[in-house]
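Student: Structure for this input, please:
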Amino acid sequence: IGDSDIFASQEDGIDPSKIVDHKVAVIGIAPVVNKDVGVKSLTKSQLKKIFTGKVTNWDQVGGKDQKIDLINRASGSGTRTVFENAILGNATAASSQEQDSNGTVQKIVSTTPGAISYLAFSYIKGQSGLKALKINGVSPTNKNVENNKWKVWGYEHMYTKGKATGATKAFINYFYKSSNKSLIKKLGYIPLPSMKVVKNDNGVAKDK
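Tutor: Take a look at the predicted model:
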């Protein structure tokens, strides 16, 4: 089983026809900032300008007079792909330090004045040094992901080469069972049955 945050078609060098996609959960992703920047909410346009380097000081978006310190995820990161598809579109991200570890991003944003990055919901809870931002006034909650009011989310995929059989099939089915919805929620993810919408590999969502 190969685990991924993105559709196989979104990765160069992969032939999606040769593998089978098993979507097992949904994850929300939110921009996070150092708690002292003085900003609680940004528009999608403001976020795009920050991550493309057009806005470089927090006072340009209602915060304190402080340089914005961008922390991006490593190139090829599934979390980065989901975030950039939703916020940047076809725009190119500004050059910045890149981190692949969620724990490292948590620590850097929590302790670095002016820092901004993004994390999956499951890595935000209980982090006192950082704050998750609203986008266009919408809070980053599971409920808002479920009805697509919160646009920055993606599927958790399990890929198999061909049809899953035996223990592999049993393991994947374990995640589909309604009895395991509480486990998925405990880990910070959203069970598929809770979603009111579906999304394709082009990022287009529609009602189930």
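Student: Could you pick out the longest strand of the chain?
Tutor: In the chain, with assignment by DSSP state E, the single longest strand is strand 20-34.
Student: In this structure, what residue spans correspond to helices?
Tutor: Per DSSP state H, the chain has helices spanning 44-51, 78-87, 102-111, 142-146, 166-176, 181-186. These are given in chain order.
Student: Pull out the buried residues from the longest strand of the chain.
Tutor: Within strand 20-34, the residues that qualify as buried are 22-34, counting by 16 or more other C-beta atoms under 10 Å. Every C-beta, even on glycine, is put in place using the N, C-alpha and C of the backbone.
Student: Any chance of the backbone angles for residue 187?
Tutor: Residue 187 has phi and psi values of phi -80, psi 0 when expressed as degrees, to the nearest 10.
Student: Number of residues surrounding it?
Tutor: Neighbour count for residue 187, taken as other C-beta atoms under 10 Å: 11.
Student: can you check residue 37 too?
Tutor: A count of nearby residues for residue 37, using other C-beta under 10 Å, gives 23.
Student: Quick check, it in contact with residue 60.
Tutor: No: with contact defined as C-beta atoms under 8 Å, residue 37 does not reach residue 60; the gap is 11.7 Å.
Student: per-residue confidence for the spatially most distant residue from the centre of the chain?
Tutor: Among the C-alpha atoms of the chain, the one farthest from their average position, using C-alpha atoms, centre = their mean, is that of residue 166, at 31.7 Å. Taken from the predicted model, the pLDDT recorded for residue 166 is 97.
Student: Please report how far it lies from residue 66.
Tutor: Relative to residue 66, residue 166 is positioned 56 Å away (C-beta to C-beta, to the nearest Å).
Student: now residue 98
Tutor: Between residue 98 and residue 66 the distance, using C-beta to C-beta, works out to 22 Å.
Student: Check what pLDDT the residue nearest in space to the middle of the chain gets.
Tutor: Within the chain, the residue whose C-alpha comes closest to the C-alpha centroid is residue 29; the distance, by C-alpha atoms, centre = their mean, is 2.9 Å. On the pLDDT scale, residue 29 is placed at 96.
Student: burial count for residue 47?
Tutor: A count of neighbours around residue 47, defined by other C-beta under 10 Å, yields 23.
Student: Surely it and residue 30 touch.
Tutor: No: the pair residue 47 and residue 30 fails to qualify as a contact (C-beta under 8 Å) at a distance of 10.6 Å.
Student: Need the residues touching each of these two.
Tutor: When C-beta atoms under 8 Å, 6 or more residues apart in numbering defines a contact, the residues bordering residue 47 and residue 30 alike are residue 135.
Student: Is residue 16 in contact with residue 7, as I believe?
Tutor: Yes: applying C-beta under 8 Å, one finds residue 16 in contact with residue 7, separated by 7.5 Å.
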